[in-house]
Structure formats: C-alpha cells, structure tokens
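Undergrad: predicted model, plus sequence, below.
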Amino acid sequence: MFDLIAHAIPVFVLCLALEAASFHLLPDDDQLGYQFRDARTSVLMGLGNVVVNLGWKLVVVAVYAAAYLAAPVHLPADHPLTWVALFFADEIAYYWYHRTHHTVRVFWASHVVHHSSEFYNLSTALRQPWTPFSSLPYWLPLALAGFPPWMILLQQSVSLVYQFFIHTERVATLWRPLEFVFNTPSHHRVHHGSNDRYLDKNYGGILIIWDRLFGTFEPEAERVRYGLTKNIGTFNPARVATHEWASIWRDLRGAPSWRARGGYLFRGPGWAPAD
C-alpha cells in the first residue's frame, strides 16, 4: 500500500529547516519562532507515533477490510465521484473525531499531546500522540459505506499532509474566499490557542465550513497564546505522551463514586464532581 506520509517526510524536514532558517534571517518580534528543545520534543513525538503506527495500521487495515467485505455495496475506485464523496466523508469524520477528542477526556488524553507545545511552527505538526487507538471508529462507517480501505487511508494521509503546512506563524491571512472555505494557518492558530475565546474552536481538517455550520468557528483576532490552559512544563517525550493519562489515573483513584469515575473519563477536560 502506498504510504503518502512516508514519502512526504523528506518534504516535511526540508520545509521545517527552511522555516527555522527564515526566523533566523528575517526575525519577527510578534512571532515566537523556534526553540530547540521544544522542536526536538515535537520531532521525537512524531517519530514515536510512526513506530506505534507500524503495528497499529495493521489492525486498522484488518478492521476496515472486514467492514468493507461486509458492506452491501463496493464503490468503484476508478470513478471520480467516489473520490469526491470520499473527500467529504473523510472531512466529516475528521471534524467529529477532532471535536470529541477535545470534549471527552479519555480521548483528550491522547490528543492533548498535539497541543502541549507553547510554540507554533511546522515542528508542532509533528507532535503526535503515542496512543492513537481511539481514531478507528470514526472512519469505520466509510468502510461500511463501501469505500475501499486503501482509499480511506490515502485520503486520511492527504488531509494530514495538508494540515502539516497550516502549522505556521509565517503565513498571515489569505485571500478572503480561501479563508471562508479552507482551514488556513490563521484558523489553525486559533485552534492551538489557550485564550478563553479560542478554546475548542476550528476543528476542521482541510475545510473550515464544518465549523461555520456547527457553530465552532472563531476568527483570529487577539494575539494567540499557544499551549494548554495549564502547561505541563516538560520537554520529556515520555511525560508529554503520558501526562494526561497519569492525571486521569490519579483522579480515578481519588474519585468518591463510580459516577464520578465515569465523569473523569467521559466528561470534558477539567471536569470535577460538584461536591
């Protein structure tokens, strides 16, 4: 199976180096640029994610293949409309995957890794979780709808490659029609902001229209403060990968009831029982 992400890695590395050099040659006091320890952690998180996915992708392919074989119809991969339908189906799946991974704590424990940097540059795009297992159910309906598994995985990769390039401070707002339809660096900077007005906004992948439709869109206005509402203060990749899981475990151990334990797992980040 063609692995678009693997083939894109040299491009990622080149673009990351060029962006870092641009901050050295053309510094901007309004932009944070790079910090070596932060970028190193992001790259190590990305490499760890690649290693984990070497095995996990086998499980994903097996599950999607079983669902595809059970599907009542098999959509033709050689028809352009199949690819158009897949693009929009993948976009919807990604939006709800992304939204629930911000609003359900047990999912956030994985996704928080991507938001743990207090910087925002192309290396931040590489800061990926080492526990990506909760993503599988969101794309399973696409296989049941008759999209071949290889097409689903390829479209996911296309979306991830696109999203790599929107993790940058170096691009301001784009032409207004593009800003209205597509997820852009400006929209995604908002998503990575810990400012109160920016929390839980702009979940889209390639398109931003879902956020406009579902009421989660917020334009970039005040200066973005990157990172978490309570930053973790570490560059240790193992701690970055596991800190929220450790927090959940502490909360579960101290919970006064099973209802509270359920809340700590399935309510939003920061939830605590009223008593």
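TA: That came through, no problem. Residues are numbered from 1 along each chain as shown.
Undergrad: all helices for this protein, in order.
TA: Here the chain has its helices, by DSSP state H, at 4-25, 36-70, 80-103, 105-111, 122-125, 136-144, 149-164, 176-181, 185-191, 209-214, 237-254, 258-266.
Undergrad: what about the stretch 1-150 of the chain, any weak spots by pLDDT?
TA: 1-2 (pLDDT under 70).
Undergrad: now with 90, please.
TA: Applying pLDDT under 90 to the stretch 1-150 of the chain flags residues 1-7, 9, 29.
Undergrad: quick one: contacts for the nearest residue to Val60 once chain neighbours are set aside?
TA: Nearest residue to Val60, sequence neighbours excluded (CB to CB, 6 or more residues apart in numbering): Leu136, at 5.8 Å. For every residue, glycine as well, the C-beta is placed using N, CA and C. Applying CB atoms under 8 Å, 6 or more residues apart in numbering, we find Leu136 in contact with 59-60, 63.
Undergrad: out of those, which are buried?
TA: Neighbour counting with 16 or more other CB atoms under 10 Å marks 60, 63 as buried within those.
Undergrad: reformat the helices of the chain as CSV; add distance to Tyr198.
TA: Listed next are the helices of the chain as CSV, based on distance: least, CB to CB, whole Å:
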stretch, distance to Tyr198
helix 4-25, 22
helix 36-70, 20
helix 80-103, 12
helix 105-111, 16
helix 122-125, 15
helix 136-144, 24
helix 149-164, 17
helix 176-181, 16
helix 185-191, 5
helix 209-214, 12
helix 237-254, 20
helix 258-266, 24
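Undergrad: which one, of these, ends up nearest to Tyr203?
TA: Evaluated with CB to CB, the helices of the chain place helix 80-103 nearest to Tyr203, the distance being 4.2 Å.
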